[in-house]
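# Sequence plus the predicted model coming up.
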Amino acid sequence: MDLNFNKNEDHNKLKLSELKKRLAQIKLGGGKTRIEKHHAKGKMTARERISYLLDNDADSIEIGAFAGEEMYQDHGGCPSGGVVVKIGHIQGKPCVVVANDATVKAGAWFPITGKKNLRAQEISIENRLPIIYLVDSAGVYLPMQDEIFPDKEHFGRIFRNNAIMSSMGITQISAVMGSCVAGGAYLPIMSDEALIVDKTGSIFLAGSYLVKAAIGESIDNETLGGATTHSEISGVTDYKAKDDKDALATIKNIVGKIGDFEKAGFNRVAPKLPKENQQDIYGILPKSRSDQYNMLEIINRLVDDSDFEQYKQGYGQSILTGYARINGWAIGIVANQRKVVKTKKGEMQFGGVIYSDSADKATRFIANCNQKKIPLVFLQDVTGFMVGSKSEHGGIIKDGAKMVNAVSNSVVPKFTVVIGNSYGAGNYAMCGKAYDPRLIVAWPSAELAVMSGNSAAKVLLQIEKATLEKKGETFDAEKEKALFSAIKQRYDHQISPYYAAARLWTDAIIDPLETRKWISMGIEAADQAPIKKQFNMGLLQV
């Protein structure tokens, strides 16, 4: 191994160590003291409930672990958005599980909580997966009600989705394991089946204090909306559980009896590990985002048997396209190339730039995968489309539009891995969040923004400089350097993968060695939903 390999490896493993430390802190939710108080009430935490519910011998993945990170600091923070979401197996069946974390502001809903719950429902809808709600929430976080209550993508959309999902035949099961108040009370009751835990679970539109204030009636919460009330008097719930474990065992029994449905039928054979050492990824991926590397070396460490059959190998070489398998599943890969390549026209440096011929190749390959019903995997390390007179005269806008059109109209499931840069229109063409990937994850090395920190700082500096000069302020080299540094620091913070994950622009930040698991589980989930549409690019034919 050369010196650069070792330096890259050290750098990337330090980033991985940081990721693990941050995840460990997030998994504490509201903190050890609140967890102890939660246990003292005879309740399991959100993560303990999910762990008990999911099959022990099967993989699971967590959606949005970093949601809300470094947001709402004036309100005490909201670790993981106050809700834990996982995709896993219950009795062998792929499911989505959503559990309120009552150690975080009593499970109250912040704006990011609503966005994360909607993402969980979106995953359930796209893949026709049963969804389990483990409810333990005080409802909307009132100091921020204007950002969570009234809009189309706010709190009320959850219940609208409950109704739509029910009409689609998607199984929804709710277990009320703590508070379930006000508008939030509709979620379990709009599910297909509802459970409630005795003594700790409660459901009501208004608690005892509000009832007293509103109509003058004096009543305790247990009598008003406890397990006995709703299981024996109102008939609101279908099952009464003695404790958390009893409720979760009941859910397992219900899910275990769900019949099978028509599958999409994606091709799968016996899985194989890559021939190449997966650990090498840490040394191949460069420390600097501007340095070159061969994306093919990354692909060979991700796919089964390191077998990647390239499509149009000698054409449009700034994008790699081809067929492979991950954990046995057939996939089509669209990946940005980041190395110097020798062509008939001489050497070309592909720093993740998309050229006209590359866009044309990718468009045709995406169409082929749709025709063959092969899921698509996008490996992003893209700085954007090529600019300049030669590219403009060659129709880069037209070719780029075709590629974006193909990605937009694709009917096979798409999965996106942000390996490095994800800048500007390159993010769109390579299936960024706006283009409905079934799952989108980032490696710790990822950067997401309109442009790099250096480029953005230079542009913003010129604007700032012109503004100050108009005001008559002098601008010497030292002041320019200080202003550039301040702008770049601010911008660099925003292009961090953690900034993106906090806002759910990605579903997770993952160890590169977990990529195979995420894609495999994503395709398994997608296989539960038959493809009913035909691929059609409309006016922009290939």
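That came in fine, so what should we check first? Residues are numbered from 1 along each chain as shown.
# now the closest residue to A106 other than its chain neighbours: how far from A486?
Leaving aside its chain neighbours, A106 sits nearest to A138 (3.9 Å; criterion: CB to CB, 6 or more residues apart in numbering). For the C-beta atoms, the positions are set from N, CA and C on the backbone; glycine is no exception. Counting by CB to CB, to the nearest Å, the separation of A138 from A486 is 40 Å.
# In terms of neighbours, single out the busier of these two.
Using other CB atoms under 10 Å as the criterion, A138 and A486 rank with A138 on top: 21 against 14.
# so what's that one up against?
Residues near A138 by CB atoms under 8 Å, 6 or more residues apart in numbering: A102, K105, A106, G107, A108, S179, V181.
# picking that back up, now do the residue nearest to A106 against S202, distance only.
Relative to S202, and taking CB to CB, A138 is found at 11 Å.
# any shared contact partners between these two?
By CB under 8 Å, 6+ apart, A138 and S202 have these common neighbours: S179, V181.
# Farthest pair within the contacts of A138?
Maximum pairwise distance in the contacts of A138, criterion CB to CB, is 13.6 Å, between K105 and V181.
# Neighbour count for these two, which is higher?
K105 (22 against 19).
# The more buried one is in contact with G30, isn't it?
Yes: if you go by CB atoms under 8 Å, K105 and G30 touch, sitting 7.4 Å apart.
# and which of the contacts of A138 is nearest F535?
Using CB to CB, those come closest to F535 at G107, 42.2 Å.
# Could I get the contacting residues of that closest one?
Going by CB under 8 Å, 6+ apart, G107 touches G82, V83, N100, D101, D136, S137, A138, G178, S179.
# Am I right that R47 falls within a helix?
Yes: R47 forms part of a helix when assessed by DSSP: H, G, I helix; E, B strand; the rest coil.
# hang on, the earlier thing: have a look at the contacts of A138 and tell me the least confident one.
When the contacts of A138 are compared by pLDDT, V181 scores lowest at 83.
# Look up how far V211 lies from that one.
For V181, the distance to V211 - CB to CB - is 12 Å.
# Any chance of JSON lines for the contacts of A138, columns distance to M71 and secondary structure?
Output for the contacts of A138, formatted as JSON lines (distance: CB to CB, whole Å; DSSP: H, G, I helix; E, B strand; the rest coil):
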{"residue": "A102", "distance to M71": "19", "secondary structure": "coil"}
{"residue": "K105", "distance to M71": "13", "secondary structure": "helix"}
{"residue": "A106", "distance to M71": "18", "secondary structure": "helix"}
{"residue": "G107", "distance to M71": "17", "secondary structure": "helix"}
{"residue": "A108", "distance to M71": "14", "secondary structure": "coil"}
{"residue": "S179", "distance to M71": "23", "secondary structure": "strand"}
{"residue": "V181", "distance to M71": "24", "secondary structure": "strand"}
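# quick check, nearest of these to R119?
Closest to R119, out of all of the contacts of A138 and judged by CB to CB, is G107, at 17.5 Å.
# Look up how far L134 lies from the closest one.
10 Å.
# Overlap in contacts, these two.
N100.
# where does the chain have low pLDDT?
Residue ranges of the chain with pLDDT under 70: 1, 183, 341-350, 387-388, 393-395, 539-542.
# Show me which helix runs longest in it.
When the chain is parsed with DSSP state H, its longest helix is helix 3-26.
# Show residues contacting it.
So helix 3-26 is in contact with 65-66, 69, 79-80, 281-287, 444-445, 498, 509, 511-512, going by CB under 8 Å, 6+ apart.
# Restricted to strands, list those.
I509 (DSSP state E).
# Can you flag the buried ones in the contacts of helix 3-26?
By neighbour count, with 16 or more other CB atoms under 10 Å, the contacts of helix 3-26 hold 65-66, 69, 79-80, 281-286, 444-445, 498, 509, 511-512 as buried.
# where along the stretch 351-500 of the chain do the strands fall?
353-354, 376-382, 384-385, 414-423, 439-442, 447-449 (DSSP state E, counting those that start in this stretch).
# can you check the stretch 201-350 of the chain too?
With DSSP E, counting those that start in this stretch as the criterion, the stretch 201-350 of the chain has strands at 202-204, 239-241, 309-310, 319-326, 329-336, 340-343, 346-349.
# Need those strands in JSON lines (columns: mean neighbour count).
As requested, these are exported to JSON lines (neighbours: other CB atoms under 10 Å):
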{"stretch": "strand 202-204", "mean neighbour count": "23"}
{"stretch": "strand 239-241", "mean neighbour count": "21"}
{"stretch": "strand 309-310", "mean neighbour count": "13"}
{"stretch": "strand 319-326", "mean neighbour count": "24"}
{"stretch": "strand 329-336", "mean neighbour count": "25"}
{"stretch": "strand 340-343", "mean neighbour count": "12"}
{"stretch": "strand 346-349", "mean neighbour count": "10"}
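# who wins for proximity to P274 among these?
The nearest among the strands of the stretch 201-350 of the chain, by CB to CB, is strand 319-326 at 9.5 Å.
# strands paired with the closest one, and their directions?
When pairs are called by DSSP bridges, strand 319-326 turns out to pair with strand 309-310 (antiparallel), strand 329-336 (antiparallel).
# Tell me which of these lies nearest to N421.
strand 329-336 (8.3 Å).
# Other residues contacting the closest one?
By CB under 8 Å, 6+ apart, strand 329-336 touches 266-268, 295, 298-299, 303, 308, 318-325, 350, 352, 354, 362, 365-366, 368-369, 374-382, 426, 430-431, 519-520, 523-524.
# Could I have the CA atoms of it written out in CSV?
Below are the C-alpha coordinates for strand 329-336, written out as CSV (Å, rounded to 0.1, in the frame of the first residue of the first chain):
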residue,chain,number,x,y,z
TRP,A,329,-30.1,-8.8,-6.2
ALA,A,330,-29.6,-7.7,-9.8
ILE,A,331,-28.9,-3.9,-10.0
GLY,A,332,-28.0,-1.3,-12.6
ILE,A,333,-25.3,1.1,-11.4
VAL,A,334,-24.9,4.8,-12.5
ALA,A,335,-21.7,6.2,-10.9
ASN,A,336,-19.6,9.3,-11.4
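# That strand to strand 414-423, inter-axis angle?
Using axes from the mean of the first three to the mean of the last three CA atoms, to 10 degrees, the direction of strand 329-336 lies 10 degrees away from that of strand 414-423.
# What separation is there between the most far-flung residue of the chain relative to its centre and I233?
Relative to the centre of the chain, the most outlying C-alpha is that of G472, 47.5 Å out, by CA atoms, centre = their mean. Using CB to CB, G472 is found at 77 Å from I233.
# now swap in S306 and tell me
When distance is defined by CB to CB, S306 is 63 Å away from I233.
# ok, those two, which is more surrounded?
Neighbours per residue (other CB under 10 Å) separate S306 from I233, with S306 holding more: 18 against 9.
# so the more buried one touches N300, yeah?
Yes: in this structure, S306 is within contact of N300 by CB under 8 Å, at 4.3 Å.
# hey, what's in contact with both of those two?
Shared between the contact lists of S306 and N300 (criterion: CB under 8 Å, 6+ apart) are residues P274, K275, E276.
# Contacts only, for the last one.
Think E276. E297, N300, R301, S306.
# Equivalent analysis for A457, please.
So A457 contacts F484, I487, K488, Y491 (CB under 8 Å, 6+ apart).
# could you redo the last one with a cut-off of 10 Å?
M451, E464, L483, F484, S485, A486, I487, K488, Q489, R490, Y491, D492 (CB atoms under 10 Å, 6 or more residues apart in numbering).
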